[in-house]
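Participant: from the sequence below, what's the structure:
(one chain, ligands or ions: 1)
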Amino acid sequence: MEERRLMKESSILDVALTRLDDAARHLQIHGDVLERLKYPRETTKVRLMIRMDDGSRKSFLAWRCRYDDTRGPTKGGIRFHPASTAEEVETLAFWMTFKCAVMNLPYGGGKGAVQVDPRTLSKAELERLSRAYVQAFARIIGPDRDIPAPDVYTNAMIMGWMADEYASIVGQCVPAVITGKPIALGGSLGREDATARGGYYLVRHLARELGLQGRMRVAVQGFGNAGQFIASLLAEDGHDIVAVSDSRGALHCPYGLDLRALLRAKAAGLPVSALAGQGGAVAVAPEELVAVDCDLLVPAALENMIDEENARRIRARAVLELANGPVTPEADRILEQAGVQVLPDILANAGGVTVSYFEWVQNRQGFYWTVEEVHERLRAIVEREGLQVWAIAQERRVPLRTAAYIHALSRLASAIEAHGTQPFFTS
Ligand SMILES: NC(=O)c1ccc[n+]([C@@H]2O[C@H](COP(=O)([O-])OP(=O)(O)OC[C@H]3O[C@@H](n4cnc5c(N)ncnc54)[C@H](O)[C@@H]3O)[C@@H](O)[C@H]2O)c1
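Facilitator: So this is what the prediction gives:
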């Protein structure tokens with residue numbers, strides 16, 4: 001078991017790097033550029049020691065990775081998860097590097113994690129852990145150096161504690177050091193649904209190209225933050241949400257599920273399957289969700305959920321990757337052969353980091369935008385970059401994922417080349 005886990009861990013960054021190799025084959029890229037992008041610039045590992053409520057002391061492993069900062073300060077969330085590893089953090093930081101480049105945000109990529117199950121901590125312990133993270137990494141993060149944000153099992157409250165700790169360390173208020181903060185501490189309007197909204201604008205804009213015109217039947221895997229918002233946005237446009245799943249089960253109705261009832265059930269802490277039997281909805285096994293007859297499949301749960309085992313069963317015309325890395329490279333090949341278009345994660349879920357960028361801009365200028373302004377600016381960026389990725393895919397006859405990596409890599413390569421060779425002679 002342990003061996004299997006290690007094997008999986010050692011290959012996760014390698015798998016991510018195959019996307020880089022695929023893209024590099026289509027560009028005249030200098031070997032130096034690839035050499036630079038194959039390894040993280042720096043990963044710092046620390047042990048955080050905190051006082052527990054019972055008076056004992058406990059330590060937790062924590063990391064912060066700055067993968068590449070050629071295009072600007074590194075940007076990426078902090079994950080609190082018992083299974084986090086250095087390799088996972090580095091892979092996520094690699095994805096952030098490409099995500100920021102594909103959206104043309106002036107950032108590099110970073111990521112952080114604490115190896116902890118936050119559900120086992122009291123609120124006071126969680127606060128001490130969050131503050132300890134900032135104490136340990138205060139010299140690494142900074143508004144012009146490395147800007148964290150929330151990720152799995154971290155949220156606005158934790159970002160607020162972290163911003164407060166940073167302010168006491170440096171002796172001044174620096175809201176732009178961290179994004180995803182509560183609105184009261186300089187958070188941006190429109191951050192909550194930004195990831196789903198970015199994916200929604202992308203599908204809406206490319207609908208004709210994807211053959212998704214008219215009323216769509218949508219299946220959503222993972223009915224959490226991103227999954228619930230995308231279902232709501234698409235349902236508002238009159239599309240039918242025909243299936244949803246969570247970690248405990250799945251629900252299917254070919255004529256469309258009662259979304260309001262589903263949102264109420266989730267808010268009350270119930271699984272989606274609790275609504276089985278109502279309005280024609282039938283409970284199905286979670287692994288059956290990908291095989292549901294639909295036009296658009298939205299993976300919004302975890303990594304590697306669509307693999308060579310289940311990819312053949314997908315009946316959707318297009319896949320919108322709101323989750324990070326939900327489709328394995330083997331599944332990608334199967335979907336390509338079957339003519340299923342995959343809107344890749346680094347483009348499809350980049351709405352979150354884009355609105356994080358807006359938050360940083362607003363913090364720095366001290367002037368705040370309306371939610372309509374946030375939506376409009378997000379829409380413009382998603383549509384602009386989405387169309388460019390689509391055009392690259394058509395021109396070069398490559399899948400959208402390769403096109404998105406080509407788009408990001410050409411920006412990264414220009415920036416790396418523009419920096420010159422000075423660091424080589426001085427280091
Ligand atoms: N929230 C964001 O801003 C954001 C930004 C970029 C990427 N993402 C990615 O989107 C994905 C979801 O993030 P989120 O913030 O919505 O998390 P979340 O924890 O709110 O939701 C995840 C959902 O997936 C469900 N799930 C877990 N295992 C499952 C399984 N085996 N089958 C079906 N469902 C399962 C959970 O029950 C939960 O409903 C992650 O991959 C995350 O990295 C999120």
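Participant: what sits up against stretch 111-127?
Facilitator: Where contact means CB atoms under 8 Å, 6 or more residues apart in numbering, the residues beyond stretch 111-127 that reach it are 48, 50, 52-53, 60-65, 67, 76-85, 88-90, 92-93, 96, 129, 133, 137, 148, 151, 153-154, 158, 161. C-beta: built from backbone N, CA, C; applies to glycine.
Participant: dihedrals phi and psi, the residue of the chain found nearest the ligand?
Facilitator: Closest to the ligand within the chain is residue 224: 1.8 Å, counting by CB to the nearest ligand atom. Summarising the backbone geometry of residue 224 under the convention degrees, to the nearest 10, its torsions are phi -100, psi -140.
Participant: if we ignore the residues flanking it in sequence, what's nearest it?
Facilitator: residue 300 (6.8 Å; CB to CB, 6 or more residues apart in numbering).
Participant: mark which of the contacts of stretch 111-127 are buried, thanks.
Facilitator: Of the members of the contacts of stretch 111-127, the ones counted as buried by neighbours, 16 or more other CB atoms under 10 Å, are 48, 50, 60, 62-65, 67, 76-81, 84-85, 88-90, 92-93, 96, 129, 133, 137, 148, 151, 153-154, 158, 161.
Participant: show me those that map onto strands.
Facilitator: Within the buried ones among the contacts of stretch 111-127, membership in strands is found for 48, 50, 60, 62-65, 67, 76-80, 148, as judged by DSSP state E.
Participant: can I get those in a markdown table with pLDDT and distance to residue 12?
Facilitator: Converted to a markdown table, these look like this (pLDDT from 0 to 100; distance: CB to CB, whole Å):
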| residue | pLDDT | distance to residue 12 |
| --- | --- | --- |
| 48 | 98 | 24 |
| 50 | 98 | 28 |
| 60 | 98 | 21 |
| 62 | 98 | 19 |
| 63 | 98 | 14 |
| 64 | 98 | 18 |
| 65 | 98 | 13 |
| 67 | 98 | 14 |
| 76 | 98 | 16 |
| 77 | 97 | 17 |
| 78 | 98 | 18 |
| 79 | 96 | 14 |
| 80 | 97 | 19 |
| 148 | 98 | 21 |
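Participant: quick revisit: residues near the residue nearest to residue 224, how many?
Facilitator: 28 (other CB atoms under 10 Å).
Participant: if I look at it, how far off is residue 65?
Facilitator: In this structure, residue 300 and residue 65 are 24 Å apart, going by CB to CB, to the nearest Å.
Participant: quick one: residues contacting residue 303.
Facilitator: Applying CB under 8 Å, 6+ apart, the residues contacting residue 303 are 323-326.
Participant: same question for residue 311.
Facilitator: Neighbour list for residue 311: 327, 330-331, 334-335 [criterion: CB under 8 Å, 6+ apart].
Participant: one more time with 10 Å
Facilitator: Residue 311 is in contact with 290, 319, 327-328, 330-338, 340, counting by CB atoms under 10 Å, 6 or more residues apart in numbering.
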